[in-house]
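Participant: coords please:
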Amino acid sequence: MSLFFVMSLLFGLTFGQTASLCAPSEYTIHVEKRECAYCLAINTTICAGFCMTRDSNGKKLLLKSALSQNVCTYKEMLYQTALIPGCPHHTMPYYSYPVALSCKCGKCNTDYSDCVRERGTSSHCTKPQKLCSL
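Facilitator: Just a heads-up that it's a prediction; the model follows:
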């Protein structure tokens, strides 16, 4: 093996996780309730990006927990609450959403993350839109 190949391999193994491009990213959430007159567009931050993963060739020899792939997920977050305008008095007009403060590459925690993106979900409003200003 050439010295360049060996050095490249060692560099990649050593700094692979630090080169991951996982960071807070701006995102707009559109929130509607059937009873309310408006759709609310909320600007927030989510965790998005690339995380280094390794595909094991020995899948049949390893436990399922060892095959878990790293995803870009929340390291620190807080929740904020917005008021959806145009809701009748009998309806809860509040919507809470996460704001990513920092992110990390790790296993997806289904307690606070949607680990599977559903097809066919809409990211637009069907009602008149109001922008959330906090």
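Participant: strand partners (parallel or antiparallel) of the helix or strand hosting residue 74?
Facilitator: Secondary structure from DSSP states H and E places residue 74 in strand 71-83. Partner strands and pairing direction for strand 71-83 (DSSP bridges) are strand 94-106 (antiparallel).
Participant: list of residues touching the partner strand?
Facilitator: Identification of contacts with strand 94-106 by Cβ atoms under 8 Å, 6 or more residues apart in numbering yields 17, 20, 22-25, 29, 31, 40, 42, 44-49, 51-52, 70-84, 112. Where C-beta positions appear, they are placed from N, C-alpha and C, glycine not excepted.
Participant: make a ChimeraX selection of the buried ones in these.
Facilitator: In ChimeraX syntax, the buried subset of these is picked out as below (16 or more other Cβ atoms under 10 Å):
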select :20,22,24,29,31,40,42,44,45,46,47,51,52,70,71,72,73,74,77,82,84
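Participant: before we move on, back to that, restrict the strand holding residue 74 to CA atoms and write it as CSV.
Facilitator: Backbone C-alpha positions of strand 71-83 (Å, rounded to 0.1, in the frame of the first residue of the first chain) are rendered in CSV as follows:
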residue,chain,number,x,y,z
VAL,A,71,-28.5,10.8,12.1
CYS,A,72,-28.3,14.5,12.6
THR,A,73,-30.3,15.1,15.8
TYR,A,74,-30.8,17.6,18.6
LYS,A,75,-28.1,18.1,21.2
GLU,A,76,-29.8,21.1,22.8
MET,A,77,-33.2,22.4,22.1
LEU,A,78,-36.1,24.4,23.6
TYR,A,79,-39.8,24.6,22.9
GLN,A,80,-41.6,27.7,22.0
THR,A,81,-45.4,28.2,21.8
ALA,A,82,-47.2,30.2,19.1
LEU,A,83,-50.8,31.4,19.1
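Participant: begin at 22 from here
Facilitator: Shifting the count to begin at 22 puts that one at strand 92-104.
Participant: let me see the mean pLDDT of that strand.
Facilitator: Confidence over strand 92-104, taken as the mean pLDDT, stands at 92.
Participant: that concludes my questions; thank you for your assistance.
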